[in-house]
Structure formats: structure tokens, C-alpha cells
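1. here are the coordinates; sequence isn't available:
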Ligand code: CMP
């Protein structure tokens, strides 16, 4: 069993894609063990994406991520990190495999609907960034 952090980004929430994204997780063996809707401020978005500090897209990305509500979730399942990344598709929607969330819905390399942790260490940091132990369901 593995855990990963998923975010439905502000573009996904605004465009009414919460249900579609969650349906894909539920149908593919990713159990939601924590979930909430948040609206990050700029500083919180900068803290979350600190690994990208200095990149040319950092300022625009953190503006976007603090522009509206987002849904944050912990997904649990076998190979949850890889499975979530498979369901999301490539960061750049133009490279995303057909049928993935980003191929179906993303409009831009930045406004790509979802975020998912890319490794166990980042998953641990990202889960801890948004959730405390009382907010995580034990199955
Ligand atoms: P995400 O998986 O959340 O990780 C970093 C985010 O930065 C990425 O999705 C995109 O929303 C955004 N981004 C914008 N431009 C780029 C880029 N050139 N390369 C990678 N990520 C980018």
C-alpha cells in the first residue's frame, strides 16, 4: 500500500471537473483516505511548490494555484504514486496519453487540472503540508 497527494487545481474546480477526476480515482483502485477544499494564499502556494523556486514558471504557477479553490486529497492503493501519474498523463497536456485527465481536460501546461506527487519522499512532504493525522481515515 502506498499513499500519494492529489490536487484538483483551481482550473479543474472552476470548470466543474471535481466529479470526473474523483470518478477516475474510484474506478481505478485509488481510495480517498482524506479530502478537503482549500483556497491557498500566495505564500502557501510558494511553500508547496518550493522545489520549483527559481524556475521561470514559479511566479505564474503560484499566482494560479492561489487564484481560487482547490481540492486536496490523499489517495491510497497499490503503486498509488505511479497509478495516479498514469491517470493524470504527462505534465504537458500535448504529450499526455489519450484518455488521461490532462489529455481530456487540460488547456495549458500550467492549467493542467491536477497535481500528483512524483516520488515517495515528495508524497510524504506534500501529504504533511495539507493534512494532520486526525484528518486521515484509517481503513
Ligand atoms: P505540477 O505537476 O503541479 O508540477 C509543477 C507545475 O508547474 C506543473 O504541474 C504545471 O502546472 C506548472 N508548469 C508550468 N510550466 C511548466 C513547465 N514548463 N514545466 C513543468 N511544469 C510547469
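-> That came through, no problem. Computed from a predicted model, the values in this text were never measured in an experiment.
2. would you map the helices across this protein?
-> Along the chain, counting by DSSP state H, helices occupy 10-14, 18-27, 42-48, 58-65, 80-88, 101-105, 120-130.
3. residue numbers of the protein in contact with the ligand?
-> Residues of the chain found near the ligand (CB under 6 Å from any ligand atom) are 52, 57, 61, 91, 109-110, 112, 115. C-beta here means a position set from N, CA and C on the backbone, and glycine is covered the same way.
4. report the buried members of these.
-> Buried members of the residues of the chain next to the ligand, counted by 16 or more other CB atoms under 10 Å: 61, 110, 112, 115.
5. about what we covered before: dump the helices of the chain to CSV, plus mean pLDDT.
-> Putting these into CSV (pLDDT from 0 to 100) gives the following:
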stretch, mean pLDDT
helix 10-14, 98
helix 18-27, 98
helix 42-48, 98
helix 58-65, 98
helix 80-88, 98
helix 101-105, 98
helix 120-130, 98
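6. how about these in a markdown table, adding distance to residue 137?
-> Putting the helices of the chain into a markdown table (distance: least, CB to CB, whole Å) gives the following:
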| stretch | distance to residue 137 |
| --- | --- |
| helix 10-14 | 22 |
| helix 18-27 | 14 |
| helix 42-48 | 22 |
| helix 58-65 | 25 |
| helix 80-88 | 15 |
| helix 101-105 | 23 |
| helix 120-130 | 13 |
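7. of all the ones you listed, which lies closest to residue 139?
-> Among the helices of the chain, helix 80-88 comes nearest to residue 139, with 13.3 Å by CB to CB.
8. my read: residue 22 touches residue 32, true?
-> Yes. With contact defined as CB atoms under 8 Å, residue 22 reaches residue 32; the gap is 7.2 Å.
9. which ones are touching the residue of the chain most remote from its centre?
-> Distance to the chain centre peaks in the chain at residue 139, reaching 22.1 Å (criterion: CA atoms, centre = their mean). If a contact means CB atoms under 8 Å, 6 or more residues apart in numbering, then residue 139 has 31, 33, 76 as its contacts.
10. nice, that's everything, thank you.
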